[in-house]
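**Student:** Predicted model follows, preceded by the sequence.
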Amino acid sequence: MLRYLAKRLSYYAVLLIAAVFLAYAISATALQPRTYFDAKVPRPAAESVERQLTALNLNDRTPVVERFGHWAGGLVHGDLGRTIHDTPVTDDFGRRVWVSLRLLLIGSLLGIVLGVAAGAWSAVRQYRISDRLLTVLSFVLLSTPVFLVALFLKNGAIAAKNAAGHDVIPFTGYETPGLTGGLGAHLADWALHLLLPTISLALGGLATYSRYQRGTMLDVLGSDYLRTAEAKGLTRRRALVKHGLRTAVIPMSTMFAYSFLGIFTGAIFTETIFGWHGMGEWLIQSINEQDVNSVVAVNLFTAVVVLASGFLADTLHAALDPRVRS
Amino acid sequence: MTTVAAEPTAPPAAPRTTGRGRLVLTRLLSARGAVAGAVLVLLLFALAFGGPYLTPWDYATPDFGALHQPPSAEHWFGTNGIGQDVFAQTVRGLQKSLVIGLLVALFSTVLASLVGACAGYFGGWTDRALMFLVDLLLVFPSFLIITIVSPRLKSTGWIAFVLLLALFNWMITARVVRSMTISLREREFVRAARFMGVRPLRIITRHILPNVASFLIIDATIAVGGAVMSETALSYFGFGVKAPDVSLGTLLAAGTSEAPVFPWLFYFAAGLLVLFVLAVNLIGDGLRDALDPTAGGPRRRRSARRKKP
Amino acid sequence: MTTTVETPLLAVRDLRVDFAGPHGPVPAVRGVDLTVRRGETLGIVGESGSGKSVTALSVLGLLPHTASLHGSVRLDGRELVGLPGKELAAIRGHRVAMVFQDPLSAFTPVYRIGDQIAEAVRIHQPVDKAAARRRAAELLDLVGIPAPERALDSFPHEFSGGMRQRAMIAMAIANDPDILLADEPTTALDVTIQAQVLDVLRTAQRETGAALVLVSHDLGVIAGMADRVAVMYAGRVVETAGVDELFAAPRHPYTLGLIGAVPRLDGRGGPLVPIPGAPAPMADLPTGCPFAARCPLAEDRCSAAEPELAGDEGHLAACVRSAELAERRPAPAEVFPVPELPAAVGSAAGSGDRGSVAGSGDRGSRAPVLAVSGLGKTFPLLKGTVFKRKVGEVYAVDGVDLDLREGETLGLVGESGSGKSTTLFELLNLAAPETGRIELLGHDAAALSRAEAHRLRAELQIVFQDPMASLDPRMPIGDIVAEPLRAQHAAREEIARRVPELLRQVGLDPDHAARYPHQFSGGQRQRVSIARALAVRPKLLVLDEPVSALDVSIQAGVLNLLQALKAELGLSYLFVSHDLSVIRHLADRVSVMYLGRTVEQGEVSAVFDRPRHPYTRALLSAVPLPDPAAERARDRILLAGDPPSPTERHTGCPFRTRCPVYAGLADPAARTRCEQERPALVGDTPAQDHQAACHYPES
């Protein structure tokens, strides 16, 4: 078991290195920080641009491999380079990463739990009204891009505000600026701000997972071992939970790993739409500013998070299924 | 669904349709969702390509006499802030989004089936190398790469955008095709062909791909919906289709800020988008039930006895 | 154990089960009456689709939701049909327990065996966890699982098929049930393991005093286990009687046909009698007797109305002519038409008489078709999912010798894991084997160029076990049959001429060339498979379990076809089978494999009548005979345990871990010989075609 996980981990390390290099190469060649400086008013002198570019390790006249080597050398010491505004990337990173993780973790966990529950329930009640309703709902959700869900929610919140004359549910930012009061007030404020972005993220997960879970659960419903469990004298309900659901969640663990990418992409939209200063918003902003080092930092973040979720899924899979362990 | 090419020895093709093809068609027609989806998709296509002929307005030319007008007999979907006809724009955007969705699904499915079938059939280093590539591409959100690269593609226009979307959309399908191929490779009819001296490429085209065709058809259908969603999302943030082209994504981006006050600028495009993806998903689901005898429907308990290997 | 009470233990009356189908309900069971008395064994026999398993599942209300059930099932007089779920659950596993067919899928894969058995105990008995676990260990011990304490902590996938089925039985008897329902409990198992499991079932029955309802398609198993038998066809019981009476004097033509269709290990019973046609389609049953279409005794009145199950005390049959059959007692061949089989080229093969077919003098003069010596093949034993690491070797084939002459049929016998399939694939690869030598029609496989190998493929064709799996479901059968011709670059006109000819040759309608495999029945599909193999006029046909996926009544027809084709076309067959009766019936010579090695080979009658290797003896004694009297009279050699793992190469004799002869050796020096020295394949006298690889063979 440990050996299995260790092997996965080493594979992921190789993937991570290759992925980061690729990300650096693509960003460093596709983005043109030079244009950012050239577009400044007043236009700085050519040598000054050259000097600044070299100082920031962004000079396109230096070979990409050399720039990557420099960047990677810094990475070993926890240095992600400097932004195009000549501030340390790690500062931005440290601030934004918690904003994003808060949203990602709560949103995806909520999606998983609700999706598994809804899918299993839907399968057991196959072709009844409740199953059909859930199916229709998940189809509509699956057919709505996350940014559209987020926009719908935001427009709803704006409409509510216009109708009530004041904010009903906050729809910008992750906290009320200048809020006074104790810890409790802060927590409540955070939770309220989390509400809409989390819902827009979780709904997509809910729809995907519930469809998938419904499928695996239906497979299990026709399985021989469920029949055995009933033949032993377990009631249908107990057999379904103890033997059915327990086995039907196993394939879901692989699903989590694959779907994390989608969730992250969704988070980029939600952050931008709800004005969260997280990693997603940073990505779009830094692409527009040709800020290579910041873009690479976001790439590094997603690669690590995707691989971590893959590792977590593997661990979960091994923990859930004795057949992979041996 | 008979992907088998007509062969000179076989009698006329007439009796063939009595087989699987008709069976699939019957099952598909009995799935109301799929029929509804197909009708919707056809209507939307008719709208996208016939729509421009229904209205005197052009999608770009402004009508300065009608700014921010709500839907009326004159302007069916109303007008925007500079007097452009929203119906003409929506129809035009829908057209672009549909074409992009179809092309992306087509390209990515072809790529996925080739990579998957080769990795699965040949195994060994071919498999390992291709699967490493798949894993590598899966580590990035495609969104990231596309956003980084797309500003460089201004001159090539939306076709390059289609290729980019396709390039980041085939990996999971390829994985599934690969694992299906691996199990097909050990199936007896493939072994039989191998032992009869049939060449590998012929085995892949004549035995393997036709047998994963149902999966590919379903997957491609759903991929159309996915591609349209990606396209609109990217265009919404300015990384996809760019002016002077319009797509549903650019329309949504333009309408968002004014949506609370001038809802017609936003909700027609949003509604059509959801409607189209929904219809495509319904077809995909219906196809799944019709093509895959083990999915959905009343499950028959197979009590046929299993004999030893 | 037979305390006869007024009310029967289990009484099934007018049981009807329908499954929801696309065009309305399809019947599966159509009015079945069964009675089970305390402690007795009732055998339910029938072919696939006869409704026998559905009947068994109905008793416990375990049918899927698409089924609707009518009629009455009474346990000790208490009606079970319509009982609320909770009350039914209290009966399941407590008073009536079930043993399922496939023990791998019947255990929940994620829980340990011990926990699953203990769960069964705790559902019905107020005991704590520790006590339930102790009881589970006792049960595993009772069913003969070694080291039961350790076995408790195993997962289902870590058990072999035989062990799983034992554990399944242990779980079923956990609460001392009154009735054990066993649905094809040994179908997926090898014969020696089947013999073990049937023995465990007898033990279980003895320990608990339970009545046993045994559902099986295997007449031999039924003959050896049952007290009374019910024969099912098309969802009804067509005949029921005491086991001796039923086999000796069947009163329904279907029963008679079934008995005639089974090849017998003891060589008695004459030529195989196929039942013509295919089982009645349940979705579209004719009015009248459903068997009438296949029955040579059918009269006009048979198609008018379905006959009732009638007869005297204890022997009922649903046939209008049952009285006549009871009186006349015909042999199967007197009722059913038996095809004339032409004599084989180069051998005096009559279907019944196999004695002198391959006499050694005659053999030497015939050209060798296949000569294999010392064949070996190892697979790397891999671990890990991404970076696979080699942790050892699997010795799949480790010393196989084969010798097949023109016009002969060589039977290759072995249980699963014996390396039969690997041997076949090594032959079919037409490349240099890992070790040993393969010679095909005089060509050394190691010395073939690619073009030569491609040409040689035409001489060597294969028919696989499962015709559904070996025919591409997406191709019309005309294309399927044409494929080997195309692979050999045959001309278009040649293909157009050959395909109808081939279909006719195997007894199919050439007009059906455009149909797809799923439109044919199992037997017909296997005929397509044979036609494909014959397309390029091969000299050698490799038949890999060609009839084991077919029902008995269909199997006989395919076997007869194979015999006829061989005689007509002068083919040689390498016939691989786990079914010794089929081999006895069809082969001239036989080769027995165990753990990748040939342990005995020779002329069929010599090997079957005077087996010299203890493994062959055990194998033969494990095959059940469809003859209750003979079955009871026979001595049985039960082998202990499972075959050892092929991941280590055994020094000495690989069979010694299960060998009764080795176990009985008193002399330590003699034992050392088995442990150290690998026995060679040698004959008693050089003149006789019969060799065994044993240091202490039976002479």
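**Tutor:** That came through, no problem.

**Student:** count of neighbours near residue 41?
**Tutor:** Reading this off chain A. For A:V41, the neighbour count with other CB atoms under 10 Å in any protein chain shown is 5. (Each C-beta comes from the backbone N, C-alpha and C, glycine too.)

**Student:** I was after chain B.
**Tutor:** 20.

**Student:** Test my guess that it contacts B:V280.
**Tutor:** Yes - here B:V41 lies in contact with B:V280, judged by CB atoms under 8 Å, at a distance of 6.4 Å.

**Student:** Poorly predicted segments of the chain, please.
**Tutor:** I'll assume chain A. A:1, A:326 (pLDDT under 70).

**Student:** Correction: the question concerned chain C.
**Tutor:** C:1-6, C:267-270, C:341-362, C:382-390.

**Student:** surely B:Q69 meets B:N80?
**Tutor:** No - assessed by CB under 8 Å, B:Q69 is found out of contact with B:N80, at 9.1 Å.

**Student:** quick one, which of the two is more surrounded?
**Tutor:** A side-by-side neighbour count of B:Q69 and B:N80, using other CB under 10 Å, places B:N80 first with 23 against 19.

**Student:** For that one, list the residues it contacts.
**Tutor:** Contacts of B:N80 were listed using CB atoms under 8 Å, 6 or more residues apart in numbering or on different chains, and they are B:L67, B:H68, B:V86, B:Q89, B:A254, B:G255, B:F262, B:L265.

**Student:** cool, and B:L111?
**Tutor:** B:A166, B:L167, B:W170, B:A174.

**Student:** Give the burial count for the closest residue to C:A549 other than its chain neighbours, as a bare number.
**Tutor:** Sequence neighbours aside, C:D466 is the residue nearest to C:A549 in space, at 4.7 Å (criterion: CB to CB, 6 or more residues apart in numbering or on different chains). Residues near C:D466, counting by other CB under 10 Å, number 22.

**Student:** For C:D466, give its distance to B:F189.
**Tutor:** C:D466 is 10 Å from B:F189, where distance means CB to CB, to the nearest Å.

**Student:** and which of the contacts of B:N80 is nearest chain C?
**Tutor:** Nearest to chain C among those is B:Q89, at 45.3 Å by CB to the nearest CB.

**Student:** Check which helix or strand that closest one maps to.
**Tutor:** helix B:86-122 (DSSP states H and E).

**Student:** Go through that helix and flag the buried ones.
**Tutor:** B:86-109, B:111-121 (16 or more other CB atoms under 10 Å in any protein chain shown).

**Student:** Identify the residue spatially nearest to residue 230, adjacent ones excluded.
**Tutor:** I'll assume chain A. A:A239 (5.1 Å).

**Student:** Please refer instead to chain B.
**Tutor:** B:L165 (5.8 Å).

**Student:** Now for residue 282: which residues touch it?
**Tutor:** In the absence of a named chain, this looks at chain A. So A:W282 contacts A:D92, A:R96, A:S294, A:V298 (CB under 8 Å, 6+ apart).

**Student:** my bad, chain B
**Tutor:** A:F139, B:G33, B:A34, B:A36, B:G37, B:L40.

**Student:** which parts of stretch A:283-300 are buried?
**Tutor:** Applying 16+ other CB under 10 Å to stretch A:283-300 flags A:283-284, A:286-287, A:289-300 as buried.

**Student:** Other residues contacting it?
**Tutor:** A:19-20, A:23-24, A:27-28, A:31-36, A:56-58, A:71, A:80-84, A:89, A:92-93, A:268, A:272, A:279, A:282, B:140, B:144, B:147-148, B:151, B:237.

**Student:** Now do it: distance to the chain's middle.
**Tutor:** Distance, stretch centre to chain centre, for stretch A:283-300: 17 Å (CA atoms, centre = their mean, to the nearest Å).

**Student:** And it, end to end?
**Tutor:** End-to-end distance of stretch A:283-300: 12 Å, with CA to CA, to the nearest Å as the criterion.

**Student:** What segments of the stretch 501-650 of chain C are helices?
**Tutor:** Assignment of helices within the stretch 501-650 of chain C using DSSP state H, counting those that start in this stretch yields the ranges C:522-534, C:552-569, C:580-586, C:604-609, C:614-622, C:628-633.

**Student:** Looking at the ones you listed, which is nearest to chain B?
**Tutor:** Of all the helices of the stretch 501-650 of chain C, helix C:522-534 comes closest under CB to the nearest CB, at 7.5 Å.

**Student:** Now the stretch 101-250 of chain A against chain B: closest residue?
**Tutor:** A:S143 (3.7 Å).

**Student:** Quick one: residues contacting that residue.
**Tutor:** B:G225, B:V274, B:V277, B:L278, B:V280, B:N281.

**Student:** Residue numbers of chain C in contact with chain A?
**Tutor:** C:60, C:62, C:64, C:85-86, C:89-94, C:97-98, C:100, C:102, C:105-111, C:119-120, C:123-124, C:155, C:157-158, C:168, C:171, C:175, C:384-387 (CB under 8 Å from any CB of the partner chain).

**Student:** that older thread, for the residue nearest to B:S230, give me phi and psi.
**Tutor:** Dihedral angles of B:L165 (phi, psi; degrees, to the nearest 10) stand at phi -60, psi -40.

**Student:** how about it, what does it touch?
**Tutor:** B:I100, B:V104, B:S108, B:S142, B:I146, B:A227, B:S230, B:E231, B:L234.
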